[in-house]
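Asks: Pasting the sequence and the predicted coordinates here, then a few questions.
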Amino acid sequence: MVKGDETAWRDFEQRYFSRLLRYLLVLTGGRQEAAQEALQTALLRVVRYIKPFASEEVFWSWLTVVARSCVVDEQRKRTRYFHLLDRFFKRCVIEDHVSADRPAAGPQTDLMALLDQNLAALPGEDRRLLEQKYFARKSVKIIADETGTTEKAVESRLVRVRRKLHAAILAQIDHE
């Protein structure tokens, strides 16, 4: 596998794919989607960082460390994402309760104004998707069912729309 041999990769996959998936299912508390995501990330890391090992036991130990770190990294990423959303929603709720006659000032207010402006500039379908996910707090599964697409398609669209929104806001901030 270190040399990029396709046969070696197939042999590795046949020997360790199911075993590693079962290990990850235990680590993720039986969450199939999280285990599969961690497995894909772990396999990418294996391809990048594979090296010769003295024995199969040492190799399996290395694989479990790689897999476990993928689970931990994914949990950290998800936690940061939910904390960001939580702060965003708390900020939105606070602003909704601030009286309209009292002017708010500061960089956060400017950022919220840029967010509002760029949300309004998005195409209607993209804006509705963000509103359903983040304001109506609908799950990706529910959105996929309502739109007649797959969850993966909804997640991909969300990523693209968030990136577009992020880039637009950063461009305006850099311009100012």
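Replies: Received the coordinates, thanks. Residues are numbered from 1 along each chain as shown.
Asks: Could you list the low-pLDDT ranges of the protein?
Replies: Residues of the chain that meet the criterion pLDDT under 70 lie in 90-108, 176.
Asks: Identify the single longest helix in it, thanks.
Replies: Ordering each helix of the chain by length in residues (DSSP state H) puts helix 56-97 first.
Asks: right, and K141 touches E151 too?
Replies: Yes: in this structure K141 lies within contact range of E151 using C-beta atoms under 8 Å: 5.6 Å. Backbone N, C-alpha and C define where each C-beta goes, glycine included.
Asks: what about these two, which has more around it?
Replies: E151 (15 against 11; other C-beta atoms under 10 Å).
Asks: check contacts around the more buried one.
Replies: V140, K141, A144 (C-beta atoms under 8 Å, 6 or more residues apart in numbering).
Asks: Nearest residue to V2 in space, please, no chain neighbours.
Replies: The shortest distance from V2 to any non-neighbouring residue, by C-beta to C-beta, 6 or more residues apart in numbering, is to I50 (5.5 Å).
Asks: Break this protein down into its structural domains.
Replies: 6-77, 102-175 (automatic domain parsing).
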